[in-house]
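J.: Take this sequence and fold it.
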Amino acid sequence: MEAELLKQILGEIRSLKSEVTGVKEEILNLKSGQQQITQRLDRLEDGQQQITQRLGRLENEQQQIKTELTAMKADMASERQQIEISSFVHALRHNSEEVNAQLHNLGHNLAVLTGKAATKEDISDLSAQFRVLNDRLFRQEVEVDKLKAVM
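T.: As a prediction, this is how the structure comes out:
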């Protein structure tokens, strides 16, 4: 009986040994799986760091683009202002040319109306008119020079 009991105990020990071996193998498989998961997590962290770096570079590039856009807007405003000033200068020049033409016309009309050489009084009147027109022309040229200085 003891021998049978010993055989029975020995059988159970062998059974337990095979179960322990199975559990041991399962633990090793779990450990291996855990290592694989850890490696994958490490790769995910590396990928996330790369994405974060790329995002940082994109944000920097976006800021540079915003800065360039602001500078371009300022340049466009300055160009518009220069166009307006140029138009104003053109108008002043045109007005100056008109004044010169009117002065010439006055002299011509005087000569036609009188049909003779101008008298001292005519010359004095023309001189006064010329001074008025010349003053007007001078003021316009001063304004043109001021505008050029601004540009």
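J.: Every contact and neighbour count from this point should use C-alpha atoms.
T.: Noted.
J.: what about the helices in this protein?
T.: Per DSSP state H, the chain carries helices over the ranges 2-114, 120-150.
J.: Would you convert those helices into JSON lines that also reports mean pLDDT?
T.: Listed next are these as JSON lines, based on pLDDT from 0 to 100:
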{"stretch": "helix 2-114", "mean pLDDT": "86"}
{"stretch": "helix 120-150", "mean pLDDT": "81"}
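J.: a markdown table please, covering the ones you listed and showing mean neighbour count.
T.: Converted to a markdown table, these look like this (neighbours: other Cα atoms under 10 Å):
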| stretch | mean neighbour count |
| --- | --- |
| helix 2-114 | 13 |
| helix 120-150 | 14 |
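J.: Nearest residue to the middle of this protein?
T.: For the chain, the residue nearest the mean C-alpha position is Leu69 (1.2 Å; Cα atoms, centre = their mean).
J.: From Val89, how far off is that one?
T.: Between Leu69 and Val89 the distance, using Cα to Cα, to the nearest Å, works out to 30 Å.
J.: same thing with Gly11?
T.: From Gly11 to Val89 the distance is 115 Å (Cα to Cα).
J.: go on, Glu26?
T.: On the measure of Cα to Cα, Glu26 and Val89 end up 93 Å apart.
J.: same check, this time on Arg57
T.: For Arg57 relative to Val89 (Cα to Cα), the value is 48 Å.
J.: again, but for Glu59
T.: Distance, Glu59 to Val89, by Cα to Cα: 45 Å.
J.: for Leu30, same thing?
T.: 87 Å.
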